Every structure is written in C-alpha cells, then in structure tokens.
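Engineer: everything below, folded, please.
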Amino acid sequence: MPPQASTIKRSIIYQNDEQTVTLLDIPASISEAQSASTHSIGEIIYSCEPLEEPFDDNEPKSTTARKQIDLQSVDSNLHSIYASLINDALAETRSEHRGIWCLPRGWSFARSGTGRKRKADVVGGQEVVDNYAENSPHSNTTRPSKVIDDLGSNEIMVLDSMLADLAHGDKESVLSPDILMSDSAPGSIAIEDAGPGEIARLPSSKTWDNVFHNALDQQLDVELSLQSQEANSSSSRFRFHIPGKSTFMLGNCANASAFRESVRYMSQEYDTCRTFDFILLDPPWPNRSVKRSRTYITERDMRGVKQMLFRMDVDSYMAPGSIVGVWITNKSTVRDLVLGKGGLFEAWNVSPKEEWLWTKTTTKGEPVTSLQGLWRKPYEVLLLGQRPSDPFQVARPSDGFEDVKRRVIIAVPDLHSRKPCLKKLIEPMMRDPASYCALEIFARYLVAGWWSWGDEVLKFNWEGYWGSEDRG
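Structural biologist: Numbers count the residues shown, from 1 in each chain. As a prediction, this is how the structure comes out:
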C-alpha cells in the first residue's frame, strides 16, 4: 500500500539561512500554490511513488558514442562547478535533515468506470518519465515505479485531446466551435460544448474564448462538457479546480498575438496585470517534449523552438526591474540560445541574475544518476535574468553568467515533466511578496494569483489528479 497522504505540510522540508540550499517536496509545492492561504488547502495532487534507489548505470560504452554525447552536453568546467555545489548541498542537507527526502505522497486512487488495473509506469498511455532521461533514447530503468493505479486511460486520452483541440482551434475536431459559459451552482462556473445546433442558450451565457479569470479569493470549479456528434453518444464532462485570483489562457504558445489580445482584454475587464514582475518559461526543448507536447511546435528542432520563443515578445510583458526564469536542458545549444550572442536574454534586455540547480534525488538523498554520467545528469538548470529598472538602460551581457549567485533545489522527482512550483522560492525576490504579478508560459497547472498560458494549462487542475487529505 502507498503511504497515506497526511495533512499538507510546508513544501519546504529544509532550507538554510542563506536560502542557497532548499529541500523541496514537488507535489506539496503544487498543492500549496493552489491557495494564497498558508493553511492546508484540504486536497493533495496525486504523484508517483517516490524513487528509493538510483537508476542503473546505462552509460555509452564506445569511445565514439561518449565523445558524441560529450560534445552536446554542458561545458565540462561548468559541470565541475555544478557538481561541487551539488555535493556540498547534499552533504549539508544530510547533516541537518533526518528522515526521507520527500513528504508522504498519494499515488493510488480509482476513477469511476474502470476498476481495471493499469500498467504501473503509465498514466493514460503517457510514460511517467522525468527529464533525467532527456538524453537517453531508451531504457526501462528510467521510470519511477508504481504510480497512479486504476486511472481510466481513455478518460485521460479524452481529456488531453479536448485540451489540445480547444487550445489549437482544431476545426476537424468533433468539438463544436461554440463554447458557452454560464453561472451554474454557487462558487462554480460551467463551460459547455455541444454539437452544431444543439446548444441550449442559457441565460447570461456568452462565447468562451479560452481565457478565464477567477475573481474570487477562493477556489472555484470550471466544468468542460463535450458532446459527441455521433448519435446516442453521451457527453464527457471534466471539472477543473481554478485557484483564487488566477487567470489562464488555454492556447497555443505559438500564437503570440492571441495571448497579447487576451492580456489586454482581461486587464480591461478584471484589472489583471498587463506587465509582470516575474515570468517563468519551461519551453518544450527538442528531445524532452516528445511525450509532453502535441503541437507547441511543428519542427522538433532548435530552429522551431527559437522562432516560437522570439515571436512571443516576452519582453513586452516585463515590468521594469522584473525577473525572468527559463528552464533549460543540459545541452550546450540550448544554453547558448538563451545566453549566447543574439540569444533570448540579449533580445529581452535581461542581465544575468542567478542560476538554480534542481537536483533530483532518491528518498535517501542520493542523486538519481551519477553526477559524472554522460547520458543523464541528475539536475536541471533554471536561468534567472533581470530587466533594468530604467527602461532606457541596456542590460549587461549574458556571458557573465559564470559569476552569478547559484542556489541548489533538492527534490525527489514527480510525474513526467512536472517541476517544482517556484512560488514560495521566488516570492522573497519580489519587491512586494504580498502583491506582485507573475506569468508562467508553457504552464501545466495553475497557481493562485498568477497568469498562466499554455495548451496544457489546465491538465493537472483536473479533479481526477486531486484527492482529499484523508484518501489513501
């Protein structure tokens, strides 16, 4: 049996006084971010069984293969700096923390209508493989073991398909282009979709354009209902938990103009933010987005990602003195795209600020793979830059990133591509932690008080991924 998910505790299990080393629980960080309150929110997000032992060594054997991988990997000098910082951070945490390195997780539950045992390492046909496998073309040893049992794979496939069709405006979908939004029950909003000519025009209804703002302080529910065009077919209904004061656009991140219009419209209608003090991006870099993204980009190469990122005009949403964070892989080409000459930071007029290393460990505090491994590094990097407070000032070059302050975030891996929620870590860097504007791009879950944009932005806010604290 999995561990019982007890009352939600602080997601930060350990942190030193300098806040340069943090042991964080990923599912708890997401759960906490659903509410602005510091108290328990009453629900937990389901996860996978935490990894207890490091993965088996699957390093390339031939000299040619090792050289080829080494050419694409992070600079050896930079990796040496990372390895030293990580080893020191792990040693410090071991000396200060006793017990397992994550909180109890809820990872076993049932959905209605299935009752069928599912393969332990698959959720809805999606391999539960975290990004520590990003450089490996294969290996069954890179999967966390038991995850969510009895989850209806068809239900998740329908959910994913629905979100993708709504986000990308798929005209060949069985979905009608008409989506109605109307008040249903207290504290709830219903968004309904039916086949052509089958829509009941409810009072006060209006066409929904994939943008939504919860003006309440507390969570409310949004319900999407899809009616198949086939005769005698039943509707598929999905309910999503929307955190208080959160705003989202369920849309293709390649469609920058639609997002720009949505930001402007929502600011006029609800006085939401037009510019942001913090912007976070987790782009679908090549080789890490195969299981994750359907159509963020058509080309699975750096050229396609680069075009998409530059066309977003992210700098137009940056407030003076704002901070921007970009998750990168451990490939040198990805780092160069962000920090190199003509890269994103230069285009956005952003100066180097900090570098955060998410180190993936087992429940016993061991790196999930060797720090000296070539296929897979046990860490991912978040690059943080800052825009000048003076809009006419030119930021200093990004090639000075080697000298920036670095912090280590230690966390036992969660479901595929689900990274730590950074809300509690970034707020101390805000000028006013109690009142700031934040935007997450390529988001897969919502955060209370934040703007979120992505074609999977509601994925992990579906009620099927959540359960009450007293459920096992």
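Engineer: Three-state assignment for the spatially closest residue to D301 that is not a sequence neighbour, please.
Structural biologist: Distance criterion C-beta to C-beta, 6 or more residues apart in numbering; nearest residue to D301, sequence neighbours excluded, is P286 at 5.6 Å. C-beta: built from backbone N, CA, C; applies to glycine. P286 falls in the coil class when you classify it by DSSP: H, G, I helix; E, B strand; the rest coil.
Engineer: tell me, how many residues neighbour P286?
Structural biologist: For P286, the tally of surrounding residues (other C-beta atoms under 10 Å) stands at 20.
Engineer: gap between it and I441?
Structural biologist: Using C-beta to C-beta, to the nearest Å, P286 is found at 18 Å from I441.
Engineer: ok, the nearest residue to F460 once chain neighbours are set aside - contacts?
Structural biologist: Spatial nearest neighbour of F460, excluding adjacent residues (C-beta to C-beta, 6+ apart): Y445 at 3.9 Å. Counting by C-beta atoms under 8 Å, 6 or more residues apart in numbering, Y445 touches 30, 45, 418, 421, 452, 457, 459-461.
Engineer: now the residues you listed as TSV including distance to I86?
Structural biologist: What follows is the contacts of Y445, written out as TSV (distance: C-beta to C-beta, whole Å):
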residue	distance to I86
I30	23
I45	27
R418	21
C421	21
S452	30
V457	32
K459	30
F460	28
N461	32
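Engineer: for those residues, which one is nearest H79?
Structural biologist: The nearest member of those to H79, counting by C-beta to C-beta, is R418 at 24.8 Å.
Engineer: max-length helix in this structure?
Structural biologist: Secondary structure of the chain per DSSP state H: the longest helix is helix 76-96.
Engineer: quick one: contacts of it?
Structural biologist: Helix 76-96 is contacted from outside by 14, 16, 20-21, 23, 70, 73-74, 101, 357, 359, 361, 365, 367, 371-372, 377-379, 381, 402, 406, 408, 410, using C-beta under 8 Å, 6+ apart.
Engineer: in PyMOL, select just the buried ones from the residues you listed.
Structural biologist: Buried residues within those, by 16 or more other C-beta atoms under 10 Å, are selected in PyMOL with:
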select buried, resi 14+20+21+23+73+74+101+357+359+361+365+367+371+377+378+379+381+406+408+410
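Engineer: sorry, back to before: which pLDDT value belongs to the residue nearest to D301?
Structural biologist: pLDDT for P286: 87.
Engineer: show me which residues of stretch 420-427 are buried.
Structural biologist: 420-426.
Engineer: with distance to S262 and secondary structure added, can I get these in JSON lines?
Structural biologist: Shown next, in JSON lines, are the buried residues of stretch 420-427 (distance: C-beta to C-beta, whole Å; DSSP: H, G, I helix; E, B strand; the rest coil):
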{"residue": "P420", "distance to S262": "27", "secondary structure": "coil"}
{"residue": "C421", "distance to S262": "23", "secondary structure": "coil"}
{"residue": "L422", "distance to S262": "23", "secondary structure": "coil"}
{"residue": "K423", "distance to S262": "22", "secondary structure": "helix"}
{"residue": "K424", "distance to S262": "27", "secondary structure": "helix"}
{"residue": "L425", "distance to S262": "27", "secondary structure": "helix"}
{"residue": "I426", "distance to S262": "23", "secondary structure": "helix"}
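Engineer: report the contact partners of N210.
Structural biologist: For N210, the contact set (C-beta under 8 Å, 6+ apart) comprises 166-167, 249-251, 262.
Engineer: quick one: the helices in this structure?
Structural biologist: Assigned by DSSP H, the helices in the chain fall at 26-32, 63-72, 76-96, 153-168, 256-270, 302-311, 332-339, 344-347, 423-426.
Engineer: okay, the fourth one in CSV with CA atoms only?
Structural biologist: Read that as helix 153-168. Provided in CSV are the C-alpha atoms of helix 153-168 (Å, rounded to 0.1, in the frame of the first residue of the first chain):
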residue,chain,number,x,y,z
SER,A,153,-6.6,5.7,-19.7
ASN,A,154,-9.5,6.5,-22.0
GLU,A,155,-10.6,9.3,-19.7
ILE,A,156,-7.2,10.9,-19.8
MET,A,157,-6.9,10.5,-23.5
VAL,A,158,-10.2,12.3,-24.0
LEU,A,159,-9.1,15.0,-21.6
ASP,A,160,-5.8,15.5,-23.4
SER,A,161,-7.4,15.5,-26.7
MET,A,162,-10.1,18.0,-25.6
LEU,A,163,-7.5,20.4,-24.2
ALA,A,164,-5.4,20.2,-27.3
ASP,A,165,-8.4,20.8,-29.6
LEU,A,166,-9.6,23.8,-27.6
ALA,A,167,-6.1,25.2,-27.4
HIS,A,168,-5.3,24.9,-31.0
